[in-house]
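1. model the following, please.
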Amino acid sequence: MTEPSRQCKAVKVGRDVAAGEGVTAISLLDECIAEWGKPMEVLVGHDAQYYDVRGGKSRFDSRLEELGIKHILAAVGKPTTTGKIERWFGTYDREAWRFEALDDFCSTTTRSGLTSP
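-> Model (predicted):
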C-alpha cells in the first residue's frame with residue numbers, strides 16, 4: 001500500500017489472489033489502518049482480490065464499505081495510474097530470487113531507495 005507522499009507503506013504476499021478471495025488484501029488494509037489510521041479512499045487495479053468481475057461485490061468491496069472508505073478502481077489498461085506498485089512488483093519479479101524471505105527483500109529495497117515500507 002502506498003500513500004500520497006508516494007511511499008510504499010506495506011507489502012504482503014498471499015496465495016488467495018488467484019481465487020479472488022481478497023483475504024490477504026483485507027488483512028493488509030486492516031494492518032495499515034491500525035498503524036496509520038483509516039484512509040478516506042483506496043485506489044486499486046481491477047485485480048481479482050479487489051474487484052468482482054461478475055459485477056457483484058468482492059470481500060474487499062464489502063470491507064471498504066463497512067469501514068466507510070471510498071473504493072476507487074484504476075482505469076483498465078492504464079498502468080501509469082498505479083505506477084509505483086507496478087514498479088515495485090517489477091523489481092520484486094526481477095530480484096526476489098536473491099533473498100530468502102520477503103522481509104529481507106523489503107529491507108534491502110528500502111535501504112536502496114526502491115521502496116519505503
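2. the residue located most distally from the centre of the chain and residue 105, how far apart?
-> Distance from the C-alpha centroid of the chain, by Cα atoms, centre = their mean, peaks at residue 98 (22.3 Å). As judged by Cβ to Cβ, to the nearest Å, residue 98 and residue 105 stand 8 Å apart. C-betas here are computed from N, CA, C, even on glycine.
3. and if you look at residue 36?
-> Computed as Cβ to Cβ, the residue 36 to residue 105 distance reads 22 Å.
4. neighbour-wise, which of these two wins?
-> Each of residue 36 and residue 105 has its neighbours counted (other Cβ atoms under 10 Å); residue 105 has more, 21 against 12.
5. isn't that one up against residue 97?
-> No: using Cβ atoms under 8 Å, residue 105 is not in contact with residue 97, being 9.6 Å away.
6. residue ranges with poor pLDDT in the protein?
-> 1-21, 79-80, 107-117 (pLDDT under 70).
7. residue 43 - that's part of a strand, no?
-> Yes: assigned with DSSP: H, G, I helix; E, B strand; the rest coil, residue 43 falls within a strand.
8. can you pull the phi/psi pair for the closest residue to it other than its chain neighbours?
-> Closest residue in space to residue 43, ignoring its immediate chain neighbours: residue 72 at 4.6 Å, by Cβ to Cβ, 6 or more residues apart in numbering. Backbone torsions of residue 72, given as degrees, to the nearest 10, read phi -110, psi 130.
9. with residue 52 instead?
-> phi -90, psi 110.
10. now do the contacts for the closest residue to it other than its chain neighbours.
-> Leaving aside its chain neighbours, residue 52 sits nearest to residue 58 (4.4 Å; criterion: Cβ to Cβ, 6+ apart). Applying Cβ atoms under 8 Å, 6 or more residues apart in numbering, we find residue 58 in contact with 20, 22, 48, 49, 50, 51, 52.
11. can I get those in JSON lines with neighbour count, secondary structure and distance to residue 42?
-> JSON lines is the format used below for the contacts of residue 58 (neighbours: other Cβ atoms under 10 Å; DSSP: H, G, I helix; E, B strand; the rest coil; distance: Cβ to Cβ, whole Å):
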{"residue": "20", "neighbour count": "17", "secondary structure": "coil", "distance to residue 42": "17"}
{"residue": "22", "neighbour count": "25", "secondary structure": "coil", "distance to residue 42": "12"}
{"residue": "48", "neighbour count": "17", "secondary structure": "coil", "distance to residue 42": "16"}
{"residue": "49", "neighbour count": "21", "secondary structure": "coil", "distance to residue 42": "12"}
{"residue": "50", "neighbour count": "23", "secondary structure": "coil", "distance to residue 42": "9"}
{"residue": "51", "neighbour count": "20", "secondary structure": "coil", "distance to residue 42": "12"}
{"residue": "52", "neighbour count": "15", "secondary structure": "coil", "distance to residue 42": "16"}
